[in-house]
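> Structure for the following, please:
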Amino acid sequence: MAEVTIRIEGMSCQHCVMRVKKAVDGVDGVSSSEVEVGSAKVVFDESRTSVDAIKAAITNAGYKVIS
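From the prediction side, this is the model:
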C-alpha cells in the first residue's frame, strides 16, 4: 500500500469535502481516504491504481489539484 497527500484548490465547505471523498473512494484500488478542505490523504494499492488516476478523479469532480 502507498499513501499520498494531495493539495486541492476550490474546496470551501463540507459539501466539497464529501464530493471529493466520494470521487476518491470511487477509484478502484483506493482503500481509504481522509479528506478535509484543501487536501486529501489517500491510501491506495499501487498495483491497482496510480496517483495520476486519483488526481484525475478529483479534477473530474470539479476541483483543481495543486500538488
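> and the longest helix seen in the chain, what does it pack onto?
For the chain, the longest helix by residue count, based on DSSP state H, is helix 14-25. The contact analysis (3 or more Cβ pairs under 8 Å, 6 or more residues apart in numbering; DSSP states H and E) places helix 14-25 against strand 30-36, strand 39-44, helix 51-60. For glycine as for every other residue, the C-beta is placed from the backbone atoms N, C-alpha and C.
> next one: the helix or strand harbouring I8 to chain centre, how far?
Taking DSSP states H and E as the definition, I8 sits inside strand 2-9. Its chain's average C-alpha position is 7 Å from that of strand 2-9, according to Cα atoms, centre = their mean, to the nearest Å.
> which residues touch the residue sitting furthest away from the middle of the chain?
Most distant residue from the mean C-alpha position of the chain: S47, 17.3 Å away (Cα atoms, centre = their mean). Counting by Cβ atoms under 8 Å, 6 or more residues apart in numbering, S47 makes contact with G29.
> Kindly provide the distance from it to M1.
10 Å (Cβ to Cβ, to the nearest Å).
> same thing with I54?
I54 is 13 Å from M1, by Cβ to Cβ.
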